[in-house]
Structures are given as structure tokens and as C-alpha cells.
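*Asks:* below: sequence and its predicted model.
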Amino acid sequence: MYDMFQALLQAPSYHLFFEALLIIWIFKLLFFSKAYAPESVLTEKEKEELIAEWQPEPLAPEIPDDHPVLMAMENNIITGKPGKYVTINGKSCVNMATLNFLGMAGNPSVEAEAIKTLKKYGVGSCGPRGFYGTMDVHLELEDKIAKFMNCEEAILYAFGFATIASAIPAYSKRGDVIFADEGVCFAIQKGLVASRSKIKWFKHNDMEDLERLLIEQAKEDKKNPKKAKVTRRFLVVEGLYINYGDLCPLPKLVELKWKYKVRLFLEESLSFGILGSNGKGVTEHYNISPDDIDLIAASLENAIGSTGGFCCGKKYIVDHQRLSGLGYCFSASLPPMLATAAIESLRLIDEKPGMLVELRENCEKIHSKLSDINGTVIVGEPISPVKHIRLAEPSTDRDFDVQTLQKIADLSRDNKVAVTLARYLEEEEHKLPLPSIRISVNNQLSDEEIDTVFTTLSEAFQKIITH
Amino acid sequence: ITMNIGTATSEENPTHSYLGSRGIWITYVLILLITHFMLLTIPFFSVAVAWTLTNVVHCVITYFMLHVTKGTPWGTPEQGKARTQTQWEQIDFGQQFTPTKKFLTVVPVAIFFLASFYTKYDTTHFCINLIALGFSVIPKLPQLHGVRIFNINKW
């Protein structure tokens, strides 16, 4: 210690001088500096300039007045019930537009049941399933659906779009992998986005592409087995694709599912109540047990003619959605009269499976007739109730094609056949399909009506295309 | 003082106050002392080298923690104002001459004094310690609040 102090006395003067300055500075810092917040860098004048310069962005984007959807809404005002015939602007047209495949919307016995329930329960359920919104009719419908589909349990949603969009993110989270078909509908696409998982798209109905992706995933899993152990893998397909009208190759999908150990989610909005000899959907159509499918989701808004949707499967899978299905927990439950309407529709399908045979025959008749229209391509299976009519020679401009098809649809509506274009949110679809007129077949069409539809459509196409 | 983030009753950004929280100054000094003692135990270092090394290590670590790292490891409810701010600029919401900032400015100076004493005012050591002091103290001056020289570390 002594030599330390000796060194202090012999220290170089610049060093001591510097230390003295430091001491003074520290003293000033500690005792003579008040805390203050720094003022902003801009002067008043600059602030005024910035405020004057600012151009607010419009709250809503500018839309041209002749946007096709706006025109469609203004020109097609419907009065009365949209059953087999729909009254547009006072004219009664054959309804080939709404997805009322079995005529359940407007069916008198379904309506009678709904009115009975309306008188008993009122209109709305006024609560989510967890907050006094569960009524016996909901439980009865879930039970009936589970029995109908030969599954252990079913869960009911109040909005068809939200069904699959809530089911996917309930199981698949960030870090999981989902193999999805490119042609899936918008609801599934939103569910995939909400899940935040890694999405691997495979070409529509292309099983080789899917197998290639599965093999790639298997290779990656081998490289990192620890990570692979905690990654869930899902396969999301639709039974009958609404954008393309074709079936998924379910036997091959089930084979791939067991081979590569992925969970299969099947969305049956367009095949529930339509395919299969008893209306049980694409699993019955291919004679595959629903035990092979991990989750079947469907909307009750198409063939069943009610609203809402359901998911069914094994109890331990479906029960998870009672707390994790966001559309289930955080939305009001299905209005009871629509639940009983759905129960009645299911009962009618059970009682009269002949409806399905009629529907299938009508689909096939219309398919063969519409294939004869010149200048068009029919997209869809013969037994699909939804068919797309596309232009055989599309132009390079999508808007122009949409306008052409819209003129054809308007002309055919003026001639008493109501058809619609398939509408998409063009900026938001993953793979925007080509513009088309979407025909939906129902089982109540007679042969004469089918002939009328064919003649009107082919004349409309003839007139507009050759124009 | 609770340091919840992301809940309804949470701190907006704990960075502003954690360096003034209970016991942190003592912890800071203790860590410094322990580092110094560990350096002293290494047989090849003389006392002078150990002190200079403590000064330099302290400078490097605090420079990196306070003046290089920006933003927060968690999401903040204010719209990302803190994303481009170093930790020093976030302390006490950018106020100058608060007690925490005064303490953090005094510590490097105190280390400089002690290091100069124990290195017997040797010139080489003085230069190294001066550079370390410069890096420790100059970024803490209020004139350099928000300043990025040559746009290094701007975003």
C-alpha cells in the first residue's frame, strides 16, 4: 500500500489535472443537475408544416360505379322465397344459382318445424355456448349429426364459414405443418392463415405432388428428429371442391395419411347430404370408414338448408374444440329454430334417400346437356351438384371475361333462368380460379326445366360470344 | 414493483425502470467486485493489469448492453417507439439526469479513478483506461441522446 501512495505523489501532472476535471464534472453532475425531459426536436413552424402536408388515406378504397358486384346487387333484387323458382325484379326464374341442392330451403315440413320452435324458443339464442346459449335442440342436433355420420361426437357452429376457419387453428399452431390442396375454398384459406402454421400447397388433386411434399417432409424430419417429434402434420382437403366441382381422391389420401402419419381434415360442405347412398358424404361415396378421417367439417348452409356448420370425429378430437374452437366459444350459438330445421332436414334425408338419387340423376343430365354448349368448357364431375361453365377461349384480360360472362348471366336471367358468376375476393385468394358461371343443380328440377336451362344458356352464350 | 408485461395491469416497458429498482445498484457493484476479484486471482495478471482489465471489460459489457442493443425482448403496447432506442435512451422514458442515469455515469468514472490509482499512474494504462472511460461516459451525455454517428445502429 505504501508504494501505491508513493506513486500517487509522483503521478504525472496531466493525469492529476484530468482527474481533477473529472471530479469537478462528477460533482456538478450529482448535485447541480435537475432531471428534465428532452423537448421534441421540431419547432412549432415545422409542426404546422407537417400537419398541413398530411394527406389522409381514404377510409374506403375508390370503387368504380360499374363494378360487377355492385351492378349484380343493384340489378338482382329478389322478392319472396328463393326455392326452385326465384323472383328476381318481379320475374320468376328457374333458380340455378343458390346452393339449395335438396330443396330444403322452402320445404314445408322443415318450415313447420322451425315455426313450432320459433313459438317455443323465440328467434335468437342470445349467448355463446358457454354462457347460457346451449339449448336442448343444439345438443339434439349434435347427437343426430354424430349418429348420422357414424362418428363419436359432433360440435355445432353458428356460421358455416367460421366452422372450418375455427377448426384448423384449434389444432394446428405456429411451427406445425399443413399440406393443403391449392383449390380449397376461401374459408379454409382463412383457417390456414389463422393457424400460423407452415402451409405446403400441393397442386389440385395431384397425389404425386402431395407425395413429393410428404417425402420431403419425411427427409427433413429424419435430419432433426427432436423437432419432428413436436411438429404436428395435417392434410386439409375438401370432399367436393366448390371452386372446381371435383371430388378429392379419398382412398389415395387415406393411404398417404397412414403411410406418412399425417392427420386428415376433410371439409364436406358440398358433399354432406349429397354424396353417398344415404347422404353421409364423400366417405360413404368411396366406402371408407369415417374412423380413417380425423375430422370431418361441413357447413349446414348448403344441402341441409339451415345455417351454421359442424365438425365430427372421435370424441377426444372434437371435444378439444369446445374450448379451443374460437367460432364456438366466442360467437352466439345457432338460433334454435335453425337447429330444429336442420334436425328435420336430416330426418327427411334419412327417410327419403331417393332425393339423393334424383339429385344425382339431375346432375348427370345437366352435365351431359351443358357439355353441348358451344364455346364453353364444363368444369366438374358429372355427379357434382356444382358445375362451372368457363369460356373455351378465354381472353388474356380477366375483367373482360368476367364482363362477358356477366352479360351472359344477365341475358339468361332476362330469359327466366337465374345463374350467377362464381365470385372471389380477387386480391385475397391463394390461387384465383378462372372466371366462370357457377350452376347449382337441385333435385326438384324436372326434365322440361332442365331443357329450358340448356336452351336459354346456349342461346345466351351463342349471342354474346359471337357478338 | 411488478414487472408484468402484456397483461391488463402491466408495465408499459419495464426497461425504463428496472435499473432503478430495488437492490439493482448493489447487485451491479457486487458483480463488478466479483469480476475484479476473479481477474485478480489469475496468476499472470499483476494488480495493474487486473484493474485495467476490469475497467475494459466493464466498459465493453455496459457499452454493448446500454448503447448497442435496441428495443425490447417483449412486445410493447406503445407503437414501437422503443424499437429504435438503445436501452440508455429508454431509461426513465428519455429523461436526463435522473438518479439511475447519474449512478450509471458515476460508476465508470469511479472505476477509472481506482484503476489509475492501482496502476500507479502508468502512461500506457492511462491511455487504455481513458479510452474505456470515453466509451463509457460519452454516449451517456444528454447531447448524444438519440444520436447515431455515421448512421451505425440506426434501425
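*Replies:* Yep, that arrived.
*Asks:* what about residue A:284, distance to residue A:239?
*Replies:* 10 Å (Cβ to Cβ, to the nearest Å). Every residue, glycine included, has its C-beta placed from N, CA and C.
*Asks:* please enumerate the shared neighbours of the two.
*Replies:* Common neighbours of residue A:284 and residue A:239 (criterion: Cβ atoms under 8 Å, 6 or more residues apart in numbering or on different chains): residue A:275.
*Asks:* pLDDT weak spots in the stretch 251-400 of chain A?
*Replies:* For the stretch 251-400 of chain A, no stretch is flagged by pLDDT under 70.
*Asks:* next one: chain B
*Replies:* Looking at chain B by pLDDT under 70, you get B:1-2.
*Asks:* which ones are touching the most centrally placed residue in it?
*Replies:* Centroid-nearest residue in chain B, with Cα atoms, centre = their mean: residue B:62, separated by 3.5 Å. Contact analysis of residue B:62 by Cβ under 8 Å, 6+ apart lists B:104, B:108, B:136.
*Asks:* the same query, at a cut-off of 7 Å, please.
*Replies:* residue B:136 (Cβ atoms under 7 Å, 6 or more residues apart in numbering or on different chains).
*Asks:* which element is it on?
*Replies:* helix B:47-63 (DSSP states H and E).
*Asks:* now the very next helix or strand once past that helix, how far from the centre of its chain.
*Replies:* Heading C-terminal from helix B:47-63, the first helix or strand you meet, by DSSP H and E, is helix B:87-90. Relative to the centre of its chain, helix B:87-90 is centred 10 Å away, using Cα atoms, centre = their mean, to the nearest Å.
*Asks:* could I have helix B:87-90 exported to CSV, CA atoms only?
*Replies:* Coordinates of the C-alpha atoms in helix B:87-90 are reproduced here as CSV (Å, rounded to 0.1, in the frame of the first residue of the first chain):
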residue,chain,number,x,y,z
GLN,B,87,-31.5,0.9,-23.5
TRP,B,88,-29.9,4.0,-22.3
GLU,B,89,-32.3,6.2,-24.2
GLN,B,90,-35.2,4.1,-22.9
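*Asks:* remind me, longest helix of chain B?
*Replies:* helix B:99-118 (DSSP state H).
*Asks:* so for residue A:284 and residue A:239, which sits in the more crowded spot?
*Replies:* residue A:239 (26 against 18; other Cβ atoms under 10 Å in any protein chain shown).
*Asks:* just the pLDDT for that one.
*Replies:* In this model, residue A:239 is scored at 93, pLDDT.
*Asks:* quick one: list the elements packing against the longest helix of chain B.
*Replies:* helix A:2-9, helix A:13-32, helix B:47-63, helix B:123-137 (3 or more Cβ pairs under 7 Å, 6 or more residues apart in numbering or on different chains; DSSP states H and E).
*Asks:* of all those helices, which lies closest to residue A:97?
*Replies:* helix B:47-63 (69.7 Å; Cβ to Cβ).
*Asks:* so which bits of that closest one are buried?
*Replies:* B:49-56, B:58-59, B:62-63 (16 or more other Cβ atoms under 10 Å in any protein chain shown).
*Asks:* pick the one among these closest to chain A.
*Replies:* residue B:51 (11.4 Å; Cβ to the nearest Cβ).
*Asks:* measure that closest one to residue B:32 for me?
*Replies:* 12 Å.
*Asks:* follow-up on the earlier one: deepest of the helices and strands packed on helix B:99-118, which one?
*Replies:* For the helices and strands packed on helix B:99-118, the largest average neighbour count (mean count of other Cβ atoms under 10 Å in any protein chain shown) is found in helix B:47-63, namely a mean of 19.
*Asks:* in CSV, list the C-alpha atoms belonging to that helix.
*Replies:* C-alpha atoms of helix B:47-63 as CSV (Å, rounded to 0.1, in the frame of the first residue of the first chain):
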residue,chain,number,x,y,z
VAL,B,47,-2.7,-5.8,-9.9
ALA,B,48,-2.4,-3.1,-12.5
VAL,B,49,-3.3,-5.3,-15.4
ALA,B,50,-6.3,-6.7,-13.4
TRP,B,51,-7.6,-3.2,-12.8
THR,B,52,-7.2,-2.1,-16.3
LEU,B,53,-8.8,-5.3,-17.5
THR,B,54,-11.7,-4.8,-15.1
ASN,B,55,-12.2,-1.3,-16.5
VAL,B,56,-12.1,-2.5,-20.1
VAL,B,57,-14.4,-5.5,-19.5
HIS,B,58,-16.8,-3.3,-17.7
CYS,B,59,-16.8,-0.7,-20.4
VAL,B,60,-17.3,-3.3,-23.2
ILE,B,61,-20.1,-5.1,-21.5
THR,B,62,-22.0,-1.9,-20.4
TYR,B,63,-21.5,-0.3,-23.8
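*Asks:* chain center to that helix: distance?
*Replies:* Put simply, helix B:47-63 sits 13 Å off its chain's centre (Cα atoms, centre = their mean).
*Asks:* stretch B:141-155 now?
*Replies:* Its chain's average C-alpha position is 16 Å from that of stretch B:141-155, according to Cα atoms, centre = their mean.
*Asks:* of all the residues in it, which ones are buried?
*Replies:* residue B:145.
*Asks:* tell me how far the ends of it are from each other?
*Replies:* End-to-end span of stretch B:141-155 (Cα to Cα, to the nearest Å): 21 Å.
*Asks:* one step back: for residue A:162, find the nearest of the helices and strands packed on helix B:99-118.
*Replies:* Comparison of the helices and strands packed on helix B:99-118 against residue A:162 by Cβ to Cβ identifies helix B:47-63 as nearest, at 52.0 Å.
*Asks:* any idea of the angle that closest one forms with helix B:123-137?
*Replies:* Angle of helix B:47-63 versus helix B:123-137, following axes from the mean of the first three to the mean of the last three Cα atoms, to 10 degrees, is 20 degrees.
*Asks:* could I get the contacting residues of residue A:8?
*Replies:* Residues in contact with residue A:8 (Cβ under 7 Å, 6+ apart) are residue B:117.
*Asks:* before I go, just wanted to say thanks for your time.
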